[in-house]
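K.L.:
Sequence plus predicted model, see below.
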Amino acid sequence: MKEIELSDLDRRLLERLATDARVSNREIAREFGLTEGAIRLRLKRLIDEKAIQVAAVTNIDHVPDSVIAYLWIDVDATYPLAGVLDALVAQPEITYVASLVGRADILAITWVRSATHLADYLHNTIDPIPGIGRIRYELTHRMIKHDYRLTTITR
């Protein structure tokens with residue numbers, strides 16, 4: 001993905017949208033002392049270059065019967081890591097995938113209803129993926145903070 005350089009204006013705009021993404025371009029323009037057209041063009045560029053995406057964020061406290069499960073995955077050395085990453089990314093239930101250096105090869109995060117649901121999901125969906133070695137998992141007791149403002153935008 002092509003890197004873009006964020007200007008001070010871009011950063012101010014991102015901070016403003018992070019507090020209220022529903023704010024109008026007109027209001028931002030007034031706050032920043034710019035024209036509405038300038039704000040609209042800047043936002044279009046940031047969206048077109050995939051620097052930002054405007055989306056709703058779900059508060060997990062309002063999702064009944066949800067527990068976040070962290071999956072620490074070791075990949076069998078005879079399989080390419082990229083293939084396992086692609087297979088995990090393709091799983092709609094998984095909300096986060098990262099390759100790691102350290103504790104495991106991959107960290108994946110998913111939401112489950114219970115430990116039983118997690119066990120079924122691991123045995124029926126994740127274990128059959130070629131290259132999956134050992135999986136260690138943890139269930140959240142309570143999420144304290146998750147800063148949603150920085151993430152990788154996927155489609």
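P.N.:
That came in fine, so what should we check first?

K.L.:
Give me the neighbour count for Glu27.
P.N.:
14 (other C-beta atoms under 10 Å). Bear in mind the C-beta positions are built from the backbone N, C-alpha and C, glycine included.

K.L.:
Would you list the phi and psi of Leu107?
P.N.:
The phi/psi pair for Leu107 (degrees, to the nearest 10) reads phi -120, psi 130.

K.L.:
got it, and Ala77?
P.N.:
Torsion angles, degrees, to the nearest 10, at Ala77: phi -60, psi -20.

K.L.:
low pLDDT regions in this structure?
P.N.:
1-2, 60, 149-155 (pLDDT under 70).

K.L.:
The residue nearest to Val112 when sequence neighbours are not counted: how many residues sit nearby?
P.N.:
Spatial nearest neighbour of Val112, excluding adjacent residues (C-beta to C-beta, 6 or more residues apart in numbering): Leu118 at 4.4 Å. Neighbours of Leu118 under the rule other C-beta under 10 Å: 19.

K.L.:
Isn't Leu118 up against Ala69?
P.N.:
Yes. Here Leu118 reaches Ala69: they are 5.1 Å apart, a contact under C-beta atoms under 8 Å.
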